[in-house]
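# this one's structure only:
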């Protein structure tokens, strides 16, 4: 098991290195892309462009430029934005990370609880009218785009019914838990619900299929023959085995969302997280910030993949030899 974990994390390091090289080449070595022109501004003369290239090391060979960029980004941590001079990339990412974590962790708790409850209920009540009704709710949740649902929620809670039913809802934004835990939860309540709607439907549908398959396995028939109650069979046997693919999917989804996949939710609700930081950097073509956020996202996705593989190998020893 230890050998498998070490091998998997070494593979993750190689993947991160490859991603860093690829991201650097896309943003700084693509033909027609000239960061110096972006830094110097419009109508800059050739002498100014040459000076900017020399100041930022953009006139040096690509391998040297890559090493310098990685050193400034990861070692010295003094890589600065091309748009907001004096504003360093790493502190911006560090400042935005707690916001994204607050959003994703809260939403994950909701969608896992609701998804497991809906999937288990649908599988238990299959063949009745409740089963298709639960699945219909799940399909509706999956079909609603997060940005559209967020805009509708804002329209209702901030404008249409804000003076009556939703007068307690604060304006869009973020308040840290160290300032006021109550306001932190209130500011994130509807972002949590909006983000969890999509994933709760996906997890409910997946879990329902897994539980139904598990209930038809031989070990479940053996448990029934021994006189074990259906409730214990469902909880101790079918549900426990069915959660293995759910754990795998959760790890990947959680890593992607922490890495910035919650961008639309953050933009709609005005949350200054990683997604919002990436969105603003893309609008301004701020290459160092874009590269920093992309590498940050890649780190969480790769780390989540590695942790899921190790956990899966722990739950199913056959995966260690794959």
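Okay, I see it. Remember, predicted model here, so these are calculated numbers, not experimental data. Residues are numbered from 1 along each chain as shown.
# measure the nearest residue to residue 29 once chain neighbours are set aside to residue 165 for me?
In this structure, residue 29 finds its nearest non-sequential neighbour in residue 62, 5.8 Å apart by Cβ to Cβ, 6 or more residues apart in numbering. Quick note: C-beta positions are derived from backbone N, CA and C, even for glycine. Per Cβ to Cβ, to the nearest Å, residue 62 is found 59 Å from residue 165.
# sorry, back to before: burial of the residue nearest to residue 29, as a residue count?
By other Cβ atoms under 10 Å, the residues close to residue 62 number 12.
# Next: residue 292.
Applying other Cβ under 10 Å, we find 25 other residues in the vicinity of residue 292.
# for the helix or strand harbouring residue 188, what is the average pLDDT?
For residue 188, the element it lies in under DSSP states H and E is helix 181-215. Summarised as a single mean, pLDDT over helix 181-215 is 90.
# wait, what's in contact with the residue nearest to residue 29?
With contacts taken as Cβ atoms under 8 Å, 6 or more residues apart in numbering, residue 62 has the following neighbours: 25, 28-29.
# Test my guess that residue 172 contacts residue 272.
No - using Cβ atoms under 8 Å, residue 172 is not in contact with residue 272, being 10.8 Å away.
# coming back round to it: list the buried residues in the helix holding residue 188.
Along helix 181-215, the positions that meet the burial threshold by neighbour count (16 or more other Cβ atoms under 10 Å) are 184, 187-188, 190-208, 210-212, 214-215.
# what about it, distance to the chain center?
When distances are taken as Cα atoms, centre = their mean, to the nearest Å, helix 181-215 is centred 14 Å away from the chain's centroid.
# just checking, next helix/strand downstream of it?
Next helix or strand after helix 181-215 toward the C-terminus (DSSP H and E): helix 218-225.
# Next, the angle helix 181-215 makes with that following helix.
For the pair helix 218-225 and helix 181-215, the angle between their directions (axes from the mean of the first three to the mean of the last three Cα atoms, to 10 degrees) equals 90 degrees.
# ok, then the element right after helix 218-225?
The element immediately downstream of helix 218-225 (helix or strand, assigned by DSSP H and E) is helix 230-232.
# which secondary element of the chain has the worst mean pLDDT?
Here the helix or strand of the chain ranked lowest by mean pLDDT, DSSP states H and E is helix 35-40, holding a mean of 68.
# Leaving out the residues flanking it, which one is nearest to residue 186?
What sits nearest to residue 186 in space, not counting adjacent residues and going by Cβ to Cβ, 6+ apart, is residue 170, at 5.4 Å.
# Just to check, that neighbour is in contact with residue 183?
Yes - using Cβ under 8 Å, residue 170 is in contact with residue 183, at 6.5 Å.
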